[in-house]
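1. Quick one: sequence and predicted model below, then my questions.
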Amino acid sequence: MVSSNSELAYNSKIEGDVVVSRADAVINWIRTNSMWPMPMGLACCAIELMAVASSRFDIARFGAEVMRFSPRQADVMIVSGTVTYKMASAVRRIYDQMPNPKWVIAMGACASSGGMYRSYATLQGVDRIIPVDVYVSGCPPRPEALLDALMKLQDKVRREPSASNLLKS
Amino acid sequence: MATTEITTHTFNAESLLAQFPSVVTRPSLDHPSFNVPSTEILAVLSVLKSHYSFDFLVDLTAVDWAEGATPRFTIIYHLLSTTTHQYVRLAADCLDNEAPSVPSITSLWPSANWHERETFDMFGIQFTSHPDLRRILMWDGYPYHPLRKEFPLAGIETELPDVEVAAETKVKVKAAPMAGGPFVALSGQVNMTEAEPMAKDQSWTEKSEKPE
Amino acid sequence: MPTDMIFPDAAARTAAQNHDQEKMHLSMGPSHPSTHGVLRLQLELDGEVITKADPVLGYLHRGDEKIAENMTYNQFVPYTDRLDYLAPLANNAAYAIAVERLAHLEVPERCQAIRVITSELARISAHLMGLGAYGIDVGAWTVFLYSFTEREKLYKLFEELTGARFTTSYSRIGGLAKDVPEGWTDRVLAFCDQFLPILEETLTLLTRNKIFMDRTMGVGVISKEDAIAYGLTGPNLRGSGVALDLRKDKPYSGYEKYEFDIPVGTTGDCYDRYMVRGEEMRQSVRIVRQAIAKFPSGPWYATDAKKIFAPQKGKVLTSMEELIQNFMLVTEGPQMPAGEVYFEAENPKGALGFFIVSKGGGVPYRLKIRAPSFCNLSIIPKVCVGEMMADVVSILGSLDFVMGECDR
């Protein structure tokens, strides 16, 4: 996906060892290729998340095998599993503890919209308490679907005007 | 009554009924099942544990026979004997429909501790002399008892358990959007025309009010 | 070294001798890598030694029992998948058998054999997961990767059979969703043949590993009496020396036809529970091989249960009577007689039981799920006291519980 933000121009004859590029492109390149997930593994989708991390589907190819349970060290929170109202407070607190920039992937039907649990105890979608960037459907989504979601998130991040965001704040 | 009645073969129901005249058999599709008055449940269970080798408490739960029924709540106990591999079911009715309570059996089996907490959480049944009766599945301040028949599946709006998160996100525990309720047949009707699936009266969606 | 540093004494110290403010209150979870899901442990620590451990559950309570009162029996099958989500096929089979007990319905032998094969493969899958997670918890990453590779092979088999990798929803009341595909049993045998050497290789990484043995031997000892008193079932109970296995003691679904052994531990520590699970996987392979060798032909659903099992689609689309029958079954559910039943099956985590109160019709009046993990967890306040902080992780891993079924 090519856009003006993702250009990395490099001509070795002219520039030699110097790479000239846009700040956005470099920042986004670094961010997309080392997205450390914070696995909010709550229920069955967490098992598929573990399968993504293991050898057959290998999320390490995307630089994201470092599953950091400490929110301070994580970039993307993958909410995998049913969020109950009791757990919602914990999810929100952990989201708040993550440093910017941060993103959220709502993995599975339960995280996206409550799933098949339309009951008194289930939060009908984690987007009620935290802003979600990518929704993955499935119950549970196949590991390939989660990798596809990660790739879509990477595309989204590549389009961000990161340098101006950084300078603004 | 002989005190060494440890049977190694089929459970001897007659001697139990002879020892406790207020115990009657309960209709059951599988295991031997008895109705026990809640005042005697502790005595019956301890005799079953010590003399009839039912040393394993498998499950402790309750059934709500809906508002208007008497008795409204029945506590069901399932015991297993690890030696004879027999199950037995006991049912004790709660005497009071408004404030149901039965004696706690944590003195006989420590596993009953959590089962009774769950039954209290879901039905609101008090277990007298329970060491620590508080909610276990719902959070401590939750005002309702979800498995009671009048409580809707969608839930009732209340506050989030965490005050700080509630203030920050302005989110409440909302009733799940049911749009008329689960469209399912009624339990118990065997007449085919009456048993057709109908919309139960649950909370409407959050966008449109329940029509009057 | 001061004498009051000996661990059991530290736990027994009263508040008068030891000021309460010296104890640290630590909340472990609900988001924690080692709590195997959303479990919160409120610990009170005296240095490194636990003096009080109070588990807080309910972070995954989704209201399954209330949902069951609003679903027909067949509609509830997907919810049983998500109870012990590591072995969904076993939960499906247990639920179907429990509901069939209401009608005293005996399914044909082929259906029973398929249920046995799928339950045992699910047992292998669940124990592999428990092994992998336990390995990670005590610091052995490789075990996780090895066991997940084997689980992926099992997922391929499940996907071929049911269409889904693990939330299978395979059983129906009175039978199954569909018959086994052509050649599936040969592929299962091929899996079993290549699985046993890999299992030995994986277990070799841990069984005589000095670090693993130090972390698990003598840790979390549960006596026989405690195990029975606290309602433990499954490998936790057998690790403590009680030889109770529902497949042998109350056989269901044709288990009496197969020869297998029940591994029983001696000391009841974490190491014994780990060894019991390892051996159970070998016995499961044995059962699967026997079941496939004796695989019966015939119908895979109860053919004479007209009001319970839906007729085949070919007939439904061409014949009026079957069309009406299918319509009634889908809208009103399998018609079960009134009554109460309780049935529990030997699931990988323990004894999963269903207590069903039916008033007739296709919807249960009350469905109680007796979750093995709920009872297994209740021993935490007893067994963690006196252990060190790092041992808690080892104990949780060895109890191998799943919050999905614990909280329902």
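-> Here it is on my side, so go on.
2. and stretch C:254-264, does that touch chain B?
-> No: legend: contact between stretch C:254-264 and chain B by CB under 8 Å from any CB of the partner chain is lacking; minimum distance shown is 12.6 Å. Heads up, the C-betas are built off the backbone N, CA and C, glycines and all.
3. Tell me the gap between that stretch and the middle of its chain.
-> For stretch C:254-264, the distance from its own C-alpha centre to the chain's C-alpha centre is 17 Å (CA atoms, centre = their mean, to the nearest Å).
4. Please point out which parts of it sit buried.
-> Neighbour counts using 16 or more other CB atoms under 10 Å in any protein chain shown place C:Gly254, C:Tyr255, C:Lys257, C:Tyr258, C:Phe260, C:Ile262, C:Pro263, C:Val264 of stretch C:254-264 among the buried residues.
5. try stretch A:50-57
-> A:Met50, A:Ala51, A:Val52, A:Ala53, A:Ser54, A:Phe57.
6. what residues does that stretch touch?
-> By CB atoms under 8 Å, 6 or more residues apart in numbering or on different chains, the residues outside stretch A:50-57 that reach it are A:41, A:58-60, A:65, A:67, A:143-144, A:146-147, C:144-145, C:148-149, C:151-152, C:155.
7. if I pick A:Lys156, what's in contact with it?
-> Contacts here follow CB under 8 Å, 6+ apart; on that basis A:Lys156 touches A:Trp103, A:Asp133, A:Val134.
8. Show me which residues of chain B sit near chain A.
-> With the criterion set to CB under 8 Å from any CB, chain B comes near chain A through B:137-139, B:146, B:151-156, B:160-162, B:164-166, B:168-169, B:171, B:173-178, B:182.
9. ok, B:Ser22 - contacts?
-> B:Val36, B:Pro37, B:Glu40.
10. ok, the last one - how many residues close by?
-> To tie it back to what came earlier, the one meant is B:Glu40. For B:Glu40, the count of nearby residues is 16 (other CB atoms under 10 Å in any protein chain shown).
11. Can you pull the phi/psi pair for it?
-> phi -110, psi 0 (degrees, to the nearest 10).
12. who's in contact with it?
-> Counting by CB under 8 Å, 6+ apart, B:Glu40 touches B:Phe20, B:Ser22, B:Val23.
13. of the residues you listed, closest to C:Ala87?
-> For the contacts of B:Glu40, the closest approach to C:Ala87 (CB to CB) belongs to B:Val23, at 38.7 Å.
14. how about the helix or strand containing C:Leu323 against chain B, any contact?
-> Using DSSP states H and E, the element containing C:Leu323 is helix C:320-332. Yes: residues of helix C:320-332 contacting chain B under CB under 8 Å from any CB: C:Met328, C:Thr331, C:Glu332.
15. So which of those residues is surrounded by the most neighbours?
-> Within the residues of helix C:320-332 next to chain B, most neighbours by other CB under 10 Å means C:Glu332, with 22 neighbours.
16. Give me the pLDDT value at that one.
-> Per-residue pLDDT puts C:Glu332 at 85.
17. so it touches C:Tyr73, yeah?
-> No: C:Glu332 is beyond contact range of C:Tyr73, at 10.5 Å (criterion: CB atoms under 8 Å).
18. Among the contacts of stretch A:50-57, which are located in helices?
-> With helices taken from DSSP state H, the overlap with the contacts of stretch A:50-57 comprises A:Pro143, A:Glu144, A:Leu146, A:Leu147, C:Phe144, C:Leu145, C:Phe148, C:Thr149, C:Arg151, C:Glu152, C:Tyr155.
19. Can you tell me which residue of chain B sits closest to chain A?
-> B:Gly155 (2.8 Å; CB to the nearest CB).
20. if I pick that residue, what's in contact with it?
-> Contacts of B:Gly155 (CB under 8 Å, 6+ apart): A:Ser119, A:Tyr120, A:Ala121, B:Pro146, B:Val173, B:Lys174, B:Ala175, B:Ala176, B:Ser203.
21. hmm, 6 Å instead?
-> For B:Gly155, the contact set (CB atoms under 6 Å, 6 or more residues apart in numbering or on different chains) comprises A:Tyr120, B:Ala175.
22. Can you give me the distance of it to A:Tyr85?
-> 9 Å (CB to CB, to the nearest Å).
23. How many neighbouring residues does B:Gln19 have?
-> 14.
24. In three-state terms, label the residue of chain B closest to chain A for me.
-> Of the three states, B:Gly155 takes coil under DSSP: H, G, I helix; E, B strand; the rest coil.
25. For it, give me the backbone phi and psi.
-> According to degrees, to the nearest 10, B:Gly155 has phi 90, psi 170.
26. can you check the one 5 residues further on too?
-> Reported as degrees, to the nearest 10, the phi and psi values for B:Leu160 are phi -70, psi 150.
27. likewise C:Gln283?
-> Main-chain dihedrals, C:Gln283, degrees, to the nearest 10: phi -70, psi -30.
28. Would you agree it is in contact with C:Phe260?
-> Yes: with contact defined as CB atoms under 6 Å, C:Gln283 counts as touching C:Phe260 (4.6 Å).
29. how distant is stretch C:348-368 from the center of its chain?
-> 17 Å.
30. same question, stretch C:365-380
-> 11 Å.
31. Any residue of it touching chain A?
-> No: using CB under 6 Å from any CB of the partner chain, stretch C:365-380 stays clear of chain A, with a minimum separation of 13.1 Å.
32. Does that stretch reach chain B?
-> Yes: Stretch C:365-380 is in contact with chain B by CB under 6 Å from any CB, via C:Tyr365, C:Arg366, C:Lys368, C:Arg370, C:Cys375, C:Ser378.
33. is it true that the first one touches C:Val357?
-> If I follow you right, that is C:Tyr365. Yes: C:Tyr365 lies in contact with C:Val357 (CB under 6 Å); the separation is 4.8 Å.
34. next one: phi and psi at the residue nearest in space to the middle of chain B?
-> Nearest to the geometric centre of chain B sits B:Ala62, at 1.5 Å (CA atoms, centre = their mean). Per-residue torsions, B:Ala62: phi -140, psi 160 (degrees, to the nearest 10).
35. What's opposite it in the beta bridge?
-> When bridges are taken as DSSP bridges, the partners of B:Ala62 come out as B:Ile75.
36. Tell me the backbone dihedrals of C:Ala164, please.
-> phi -130, psi 150.
37. Next one: B:Ile105, what pLDDT does it get?
-> Reading off the model, B:Ile105 has pLDDT 91.
38. Specify the local secondary structure of it.
-> Criterion first, three-state DSSP; result for B:Ile105: coil.
39. What's the local residue count around it?
-> Residues near B:Ile105, counting by other CB under 10 Å, number 25.
40. list the contacts for it?
-> Taking CB under 6 Å, 6+ apart as the criterion, B:Ile105 is in contact with B:Leu45, B:Ala112.
41. Check for me that A:Ile78 belongs to a strand.
-> Yes: checked against three-state DSSP, A:Ile78 lies within a strand.
42. ok, it - how many residues close by?
-> 32.
43. Now do the host helix or strand of C:Arg282: distance to the chain's middle.
-> In this structure, C:Arg282 sits in helix C:270-293 according to DSSP H and E. Computed by CA atoms, centre = their mean, the chain-centroid distance of helix C:270-293 equals 14 Å.
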